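>>> I'd like to go over a predicted model; first the sequence, then the structure.
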Amino acid sequence: MITVVGAGTGAPVAADVVAGAELVVGGRRHLDAVRLPEAAERVVLGPLAPALETVGRYVDAGRRVVVLASGDPGFFGIVRVLAERFGPGLLDVRPGVSSVSAAFARLGLPWDDAVVVSAHGRDVRTAVNVCRAHPKAAVLTGPGAGPAELGAALRGYDRVLVVASELGSGGERLERVTPAEAAGRDWGAGVNVVLCVDGARAPGTVRTVAGPGARPAGWALDEAEFAHRDSMITKFEVRALALARLGPRPGDLVWDVGAGSGSVAVECARLGAAVCAVERTADGADRIRANAAAHGVDVRVVHGAAPDALSALDEPDAVFVGGGGRDLPAIVSRCAGRARRSVVVAMAALDRVPAARAALLDAGWACDGVLLQSSRMAPLPGDVTRLAATNPVFLLWGVRPPARSEGAAQ
C-alpha cells in the first residue's frame, strides 16, 4: 500500500500517518517537517523516474510506502503518476488543502467559476492564453513560468494578479499587482499560485458546473447577432466551416486578421480561446469592441494594417484571414510563418485564390479548400418560400505538417 499524504498549506502531517513506514518519499521541506521512523529509507523527490523505481521495489516486496506532497496530491499532483504506475487500488490518498483553494479562501472569493491551469513544467503560453480569455483563472507556477512571465505576457490586458507565496507558513503573502508590476519583480521560489482576475467581467451568477463558463450551445451565429456595416460580415455558413478548421479551444491564441465586424473573433472567444482581432479602420475596431462586449467575451483589438501589424503579436495557434486585398498573399505568408496549427482564408474574389493557395503551399503547409455556395429560405407573397442565393465564398485552409506541429505543441 502507498499512503499519499497532502500536507495542505503548511498543516503538519500527523505522526501516526508515517508510523511504520519503511520508505518515505517527498520534497526536502516535507521530509524535514515530519518526524520519520528511524529505520525508514528516505527519498528526496527530484526526477520522478528513480523515485518510482524505488517505490516499485518496496511495493513488490509488500512493504509500506508513504509519499508526502503539497496540498491536494490528486489535483495536478503525484496521484496521477502513482495511479498510472501502480494502479489506484494500491493508493490510500489523504488530501490536504490545495494552494488554489487556500488562495481564494484568503481573499474571501468563491472559485467554482475559475479556470485552473498548471504552468509547472509546462509551456507558460497555455496559462497566458487562459488568463487572456477568462475573467477568473488560477495558475500553478513553476521555474520560468511564474508571476513575472505571466505579467510580461499580459501587459495591455485589464487584469489584476494576486500572487500567493508560502501559503500556510509564517511568511505567507498575498500581493495584488498589475501585470506590469508583476513583470518587473524577482519573485523567488516561494510562489504557490497566481490568481488572475478581470474585475469587470468576473461572473457572479450561481454555478451548477464548476470551471469556466458553459460552452455555447451553438455557434455560427446569425449575422443579426453582430453589429456590422453594409452586410460586410462573414456569413454564418462560412463561419461554421471556418470555426471547424480553426478548432479554437481554451489555451489557444487565435488571430482574426482583417476582422471587420469581429464575428469570427467573437465566436472563437465564446469557444474559450484567447483572441486578437486586427482591423485597419478605426470604426471597424470600435465595432469589434462593441460586439465582444455584447457577447461578454474579451477580444484584444489591434488597430492597424496587416501584415505589418502582425509583427508585435504573440505566436498564434490558428489564424483566420478575412481581408487583405492586394496584400493578401503577403498576409497569408506571414501568418503561415507564425501559426502553430492552421490558417484559414476566406475570399470573395476568384482572382485572389491562386496566390493565397500558393502562399500556403510555399510555406510547406498542406492546403485544401472549398467554394461555398448556399441558398437560404426566404418568404414570398402568398405564404410560399423561395431559395435566395448568397454570394459564393472561397474558403482555403492550410495545416502545418504533423512533425512540426507536434514539435511546436511540445
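Nice, I can see it.

>>> and the nearest residue to L310 once chain neighbours are set aside, how many neighbours?
Among residues not flanking L310 along the chain, R334 sits closest, at 5.5 Å (Cβ to Cβ, 6 or more residues apart in numbering). Bear in mind the C-beta positions are built from the backbone N, C-alpha and C, glycine included. Here the number of neighbours of R334 (other Cβ atoms under 10 Å) works out to 22.

>>> which strand or helix spans R334?
Per DSSP states H and E: R334 is located in helix 328-338.

>>> and A292, by the same measure?
Going by DSSP H and E, A292 is part of helix 282-294.

>>> contacts for that helix?
226-229, 259-263, 265-266, 269, 277, 279, 298-299, 301-303 (Cβ atoms under 8 Å, 6 or more residues apart in numbering).

>>> need the helices for the stretch 251-400 of the chain, in chain order.
Ranges of helices within the stretch 251-400 of the chain are 263-270, 282-294, 328-338, 353-362, based on DSSP state H, counting those that start in this stretch.

>>> okay, these in TSV with mean pLDDT next?
Output for these, formatted as TSV (pLDDT from 0 to 100):
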stretch	mean pLDDT
helix 263-270	96
helix 282-294	96
helix 328-338	96
helix 353-362	96
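
>>> pick the most buried one from those helices.
Most buried of the helices of the stretch 251-400 of the chain, by mean neighbour count (mean count of other Cβ atoms under 10 Å): helix 263-270, with a mean of 28.

>>> follow-up on the earlier one: next, the contact list for the residue nearest to L310, please.
Taking Cβ under 8 Å, 6+ apart as the test, what R334 contacts is A306, P307, L310.

>>> select from the contacts of helix 282-294 every entry located in strands.
A277, E279, V299, V301, V302, H303 (DSSP state E).

>>> around the second one, how many other residues sit close by?
Burial of E279 is recorded as 29 neighbouring residues (other Cβ under 10 Å).

>>> I'd assumed V302 was in contact with it.
Yes - using Cβ atoms under 8 Å, E279 is in contact with V302, at 7.4 Å.

>>> then stretch 259-270 to CSV, C-alphas only?
What follows is stretch 259-270, C-alpha atoms only, in CSV (Å, rounded to 0.1, in the frame of the first residue of the first chain):
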residue,chain,number,x,y,z
ALA,A,259,-11.6,41.2,-38.7
GLY,A,260,-14.3,43.7,-40.0
SER,A,261,-17.1,43.2,-37.5
GLY,A,262,-15.1,40.7,-35.5
SER,A,263,-17.7,37.9,-35.9
VAL,A,264,-15.1,35.2,-36.2
ALA,A,265,-13.1,36.7,-33.3
VAL,A,266,-16.1,36.7,-31.0
GLU,A,267,-17.1,33.2,-31.9
CYS,A,268,-13.6,31.9,-31.2
ALA,A,269,-13.6,33.7,-27.8
ARG,A,270,-17.1,32.2,-27.0
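
>>> go ahead and confirm V160 touches A180.
No - counting by Cβ under 8 Å, A180 is not a contact partner of V160; they are 11.8 Å apart.

>>> out of the two, which sits in the busier spot?
Neighbours were counted for V160 and for A180 using other Cβ under 10 Å; V160 has more, 15 against 12.

>>> local confidence estimate at the more buried one?
On the pLDDT scale, V160 is placed at 95.

>>> center of the protein - which residue?
Centroid-nearest residue in the chain: G251, 1.8 Å away (criterion: Cα atoms, centre = their mean).

>>> right, and that residue touches V130 too?
Yes - assessed by Cβ under 8 Å, G251 is found in contact with V130 at 5.7 Å.

>>> give me the common contacts of the two.
Residues touching both G251 and V130 (Cβ under 8 Å, 6+ apart) are V117.

>>> contacting residues for P110?
F104.

>>> so how far is L350 from it?
54 Å (Cβ to Cβ, to the nearest Å).

>>> quick one: contacts for the closest residue to S231 other than its chain neighbours?
Using Cβ to Cβ, 6+ apart and skipping the chain neighbours, the partner closest in space to S231 is E223 (7.4 Å). Neighbouring residues of E223 by Cβ under 8 Å, 6+ apart: S231, I233, K235, F236, S263.

>>> one more: T141?
Here T141 is in contact with A119, H120, P147, L150, V191, N192, V193, V194 (Cβ under 8 Å, 6+ apart).

>>> dump the residues you listed into a markdown table; add neighbour count and pLDDT as well.
Formatted as a markdown table, the contacts of T141 follow (neighbours: other Cβ atoms under 10 Å; pLDDT from 0 to 100):
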| residue | neighbour count | pLDDT |
| --- | --- | --- |
| A119 | 23 | 94 |
| H120 | 14 | 89 |
| P147 | 27 | 96 |
| L150 | 25 | 96 |
| V191 | 22 | 91 |
| N192 | 24 | 91 |
| V193 | 24 | 95 |
| V194 | 28 | 96 |
